[in-house]
Each structure stands twice: as structure tokens, then as C-alpha cells.
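J.: Here is a sequence together with a model predicted from it:
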Amino acid sequence: DEGISGAKGREQRPAFDRLMQMVTRREIDLIAVWSVDRLGRSLQNLIGFLNEINERGVDLYLHTQGLDTSTSAGRAMFSMLSVFAEFERAILRERIMAGLARSIKKPGRPPIDPDKAEKIRRELGRGTSINATAKKLKCGVGTVHRIKQKMAA
């Protein structure tokens, strides 16, 4: 399901739902996936998925991990990878929530360092171009342009 998060449920992932219908009808015996996080990010859902396909004689191969669930070791590794996929999702969610909270407390862009602004004004005063100033002082062209506009006003 391109463009659809692996964290979404089966009902929101039409291609995944079609895959599971093929498993139910026993039309396939192997599912090859790029990575465990493409299947899902919930430990409960991933283990449920593995149990469901195994009950129907379907094995799973995870390309990036080189993992084959037709063996006991492969199933154990799949379980561990599932734990880490869920952990990764939780960490990502925490970072997003922290970023949102931070943006509410301090909206807008952070102000430019006054020393850097002064260096930009000096460079521009010498006749250095906006692009050259930005490159030399390692800052954005937009920042240099805004400072130049303020100098002209």
C-alpha cells in the first residue's frame, strides 16, 4: 500500500487486505516483504499476522533482514523485529508530540544570532552578493536577503 502507513489497520490498507484474501484462499505459499515495518508497527498485529499466515501454510521472507519465517529461528527473529518496529513507532510519536508542544510554546522561526546578523551586514556593506554572503557565513539566502532589505529601509 504505497503512501499508506504500516501503522494503519487492515481495513485502511486495500492492498494488504487483498493479500490476506489470497492467503485465505491459499493462492500463495510465500509472502516477500521489503522490511517488517512495511507490514505494520504494532507487535500484536504483526504477531497476529504471522500466526494467521502460518496457519494457512504461508511463509514470510523479509528482504532487508534476510529473514525467513519458515524456521523457528526466523519466527523468533520476526518477533524481536516486531518489538523494535513498535518501539520505533512509539519513539517517532513521542518526537512528533514533543515537536508540536515546542512549536506551540515558541511559534515561528528562531531569531538569528545577533553576531551572525552583524557579520552578514558587514559582508553586504563590502558589496558581497547575497549568495556569496550566505555561502561564506553558512546561512540561508533568505536570511541574508531579509537583512539586506532591512538595511535598505
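T.: Received, thanks.
J.: what's next to stretch 77-95, contact-wise?
T.: Residues outside stretch 77-95 that contact it (C-beta atoms under 8 Å, 6 or more residues apart in numbering) are 6-7, 36-37, 40-43, 46-47, 50, 60, 62, 65, 67, 69. Quick note: C-beta positions are derived from backbone N, CA and C, even for glycine.
J.: closest to A15 among those?
T.: Set against A15, the nearest of the contacts of stretch 77-95 by C-beta to C-beta is G6 (11.6 Å).
J.: circling back to that earlier point, check the contacts of stretch 77-95 for burial and list the buried ones.
T.: For those, burial is judged from neighbour counts taken by 16 or more other C-beta atoms under 10 Å, and it is met by 6-7, 36-37, 40-43, 46-47, 50, 60, 62, 67, 69.
J.: Please flag which of those residues sit within helices.
T.: Among these, the members falling in helices are V36, D37, L43, L46, I47, L50 (criterion: DSSP state H).
J.: Closest one of those residues to P114?
T.: For those, with P114 as the reference and C-beta to C-beta as the criterion, the closest is D37, at 43.9 Å.
J.: Would you mind measuring from that closest one to T71?
T.: Going from D37 to T71 by C-beta to C-beta, to the nearest Å gives 21 Å.
J.: now do A134
T.: In this view, A134 and T71 are 56 Å apart by C-beta to C-beta.
J.: next one: G142
T.: For G142, the distance to T71 (C-beta to C-beta) stands at 55 Å.
J.: And M77, by the same measure?
T.: For M77 relative to T71 (C-beta to C-beta), the value is 9 Å.
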